[in-house]
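A.B. asks: Sequence first, predicted coordinates after that:
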Amino acid sequence: MEHRPGLDPAVAEVRRAVRALLETTDGPVVVALSGGADSLALAAATAFEAARRGVHAEAVVIDHGIQQGSDAVAAAAAAAATTLGLAARVVTVEVGTDDGPEAAARAARYAGLARAAADIGAGTVLLGHTLDDQAETVLLGLARGSGGRSLAGMPAERRDATGPRWVRPLLGIRRRTTIAACAAEGLEPWSDPHNADPAFSRVRVRSRVMPVLEQELGPGVAEALARTAEQLREDAEAFQDMIDETIEDIVEHAEAGISISVAALAANPAALRNRIVRYVVESEFGVSLTRAQTLEVARLAVDWRGQGPIDLPGCIARRVGTRIEITARAAS
C-alpha cells in the first residue's frame with residue numbers, strides 16, 4: 001500500500017502496477033500513448049516511477065491519419081506527455097486495407113511503435129489495456145467461436161522474435177480506475193469518437209452487452225471473464241509446450257510444404273491433434289484454419305475412407321501413404 005498522505009487510491013493503484021513492471025525491466029521503455037484515459041494514466045504513472053528509478057521513458061503517439069484532425073490530437077497527447085516529464089514523439093503511420101479497418105490500424109500501430117522503440121533503444125513497450133479490455137476481448141472471442149486461444153485474451157507480456165517486449169501493466173486494473181486517476185491528477189483525457197461508434201463490435205460489447213451482463217448476473221462479470229482468460233492462457237501455454245515437443249517427432253519437411261505422420265497424429269488426443277494441425281499450417285503457410293477445416297485435415301488420420309485432397313487457404317492437404325502432406329497450392 002502507498003503511505004503518502006493524500007495520494008489518491010486510483011493513482012496509487014496505477015503506480016503500483018507500473019512500479020512492478022519497471023522492477024523487472026532493463027533499459028529505456030516506451031509508453032504507447034493515445035491520449036485516452038487508460039494510456040494517459042499509464043504515462044503519468046510511468047513518468048513518476050521511471051524518474052524515481054533513473055529509467056529513461058519516452059511516450060510514442062501514433063497518428064493513424066484516418067480521422068480528421070488526428071494530427072492535432074496526436075500533438076496534444078505528446079504535449080501532455082511532455083508536461084508529465086516524459087520525452088515524446090509523434091509517429092505517423094499508413095493504415096492498409098487488408099483484414100478490415102480495425103485490424104489494419106492495429107497492425108500499423110504496432111509496427112510504428114516497434115520502429116520507434118528501436119530508434120529509442122527501448123526493449124519494452126508499455127500498452128494501456130485494462131481489465132475491461134480483456135473482458136471485452138474474451139466476449140468477442142466467445143461470440144466468434146474462436147476457440148481457447150482467442151478466449152485466452154491478451155497476454156500480460158509478449159515478446160516478438162525480432163521486436164520489443166510488449167507489456168500490459170494495467171491488465172488487472174479496471175477502466176474506471178484509470179479515469180479516476182486522470183481526474184485526481186488533473187489530466188484531461190481525449191475521447192476517441194470511434195469508442196462511441198456502435199458500428200464497431202467492441203463498442204457494442206462495451207456499451208450494451210457488458211452493462212446487461214452486470215445487471216442480470218451481478219457485479220464482477222468483467223473480473224470473472226479476465227480470470228477465465230488467465231486460466232485459458234495457462235492451458236494454451238501448456239498445450240504449446242506439448243505441441244513443440246510432439247512436432248519434432250512427427251512433422252517433416254516435404255517438397256513445397258510439410259508432412260505429418262498419420263499414426264503419430266492419430267495417437268494424440270483430439271485437443272492436441274487439432275492444435276498440432278492448426279499450428280503447423282499457420283507456421284508453414286501463415287494462414288489460420290477454421291474449426292471445420294482443422295477437423296477435415298485430422299480426418300485424414302483418424303477417419304480415412306479414401307477421401308481426396310482438402311482445399312485449404314493457400315495450401316492443399318492430402319493423404320499419401322502413411323503421411324499427410326500439406327503443400328502450397330501452386331506447387332500442388
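C.D. replies: Good, I have the coordinates. Numbering: from 1, shown residues only.

A.B. asks: what domains does the record give for this protein?
C.D. replies: 9-223, 255-328 (automatic domain parsing).

A.B. asks: Could you tell me the end-to-end distance of the last one?
C.D. replies: If I follow you right, that is domain 255-328. Separation of the first and last residues of domain 255-328 by CA to CA, to the nearest Å is 9 Å.

A.B. asks: ok now it, how far from the chain's centre?
C.D. replies: 27 Å (CA atoms, centre = their mean, to the nearest Å).

A.B. asks: cool, the longest one as well?
C.D. replies: Domain 9-223 sits 11 Å away from the centroid of its parent chain (CA atoms, centre = their mean).

A.B. asks: out of the domains of the chain, which comes closest to T246?
C.D. replies: T246 lies closest to domain 255-328 among the domains of the chain, at 6.2 Å (CB to CB). Where you see a C-beta, it was placed from the backbone N, CA and C, and this is true even at glycine.

A.B. asks: Give the burial count for E234, as a bare number.
C.D. replies: 11 (other CB atoms under 10 Å).

A.B. asks: repeat for the one 4 residues further on
C.D. replies: The local packing count at A238 equals 10, with neighbours defined by other CB under 10 Å.

A.B. asks: That one: what secondary structure?
C.D. replies: Of the three states, A238 takes helix under DSSP: H, G, I helix; E, B strand; the rest coil.

A.B. asks: Ok, E325 next?
C.D. replies: At E325 the chain is in strand, as set by three-state DSSP.

A.B. asks: now the domains of the chain as JSON lines including mean neighbour count, distance to I247 and mean pLDDT?
C.D. replies: Output for these, formatted as JSON lines (neighbours: other CB atoms under 10 Å; distance: least, CB to CB, whole Å; pLDDT from 0 to 100):
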{"stretch": "domain 9-223", "mean neighbour count": "18", "distance to I247": "17", "mean pLDDT": "92"}
{"stretch": "domain 255-328", "mean neighbour count": "17", "distance to I247": "6", "mean pLDDT": "93"}
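
A.B. asks: Dump the ones you listed to a markdown table, plus distance to E230.
C.D. replies: What follows is those, written out as a markdown table (distance: least, CB to CB, whole Å):
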| stretch | distance to E230 |
| --- | --- |
| domain 9-223 | 8 |
| domain 255-328 | 19 |
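
A.B. asks: pretty sure A32 is in contact with L40, am I right?
C.D. replies: No - using CB atoms under 8 Å, A32 makes no contact with L40, being 11.3 Å away.

A.B. asks: what's next to the helix or strand hosting V73, contact-wise?
C.D. replies: Element membership for V73 (DSSP states H and E) is helix 70-84. Under the criterion CB atoms under 8 Å, 6 or more residues apart in numbering, residues 31, 33-35, 40, 43-44, 47, 59, 61-65, 67, 87-90, 92, 187, 190 lie in contact with helix 70-84.

A.B. asks: What about those, which are in helices?
C.D. replies: Among those, the residues falling in helices (DSSP state H) are L40, A43, A44, A47.

A.B. asks: out of these, who's nearest A264?
C.D. replies: Taking CB to CB as the measure, A264 lies nearest A43 of these, at 50.6 Å.

A.B. asks: Could you double-check that the closest one sits in contact with V31?
C.D. replies: Yes - in this structure, A43 is within contact of V31 by CB under 8 Å, at 4.9 Å.

A.B. asks: what touches both of these two?
C.D. replies: Jointly contacting A43 and V31 under the rule CB under 8 Å, 6+ apart are A59, A81, L86.

A.B. asks: tell me the contacts of the first one?
C.D. replies: Taking CB under 8 Å, 6+ apart as the contact definition, A59 lies against V30, V31, L33, A43, A77, A78, A81, L86, A87, A88, R89.

A.B. asks: okay if I get these as a markdown table plus distance to R149?
C.D. replies: Shown next, in a markdown table, are those (distance: CB to CB, whole Å):
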| residue | distance to R149 |
| --- | --- |
| V30 | 27 |
| V31 | 28 |
| L33 | 29 |
| A43 | 31 |
| A77 | 33 |
| A78 | 35 |
| A81 | 34 |
| L86 | 35 |
| A87 | 37 |
| A88 | 35 |
| R89 | 34 |
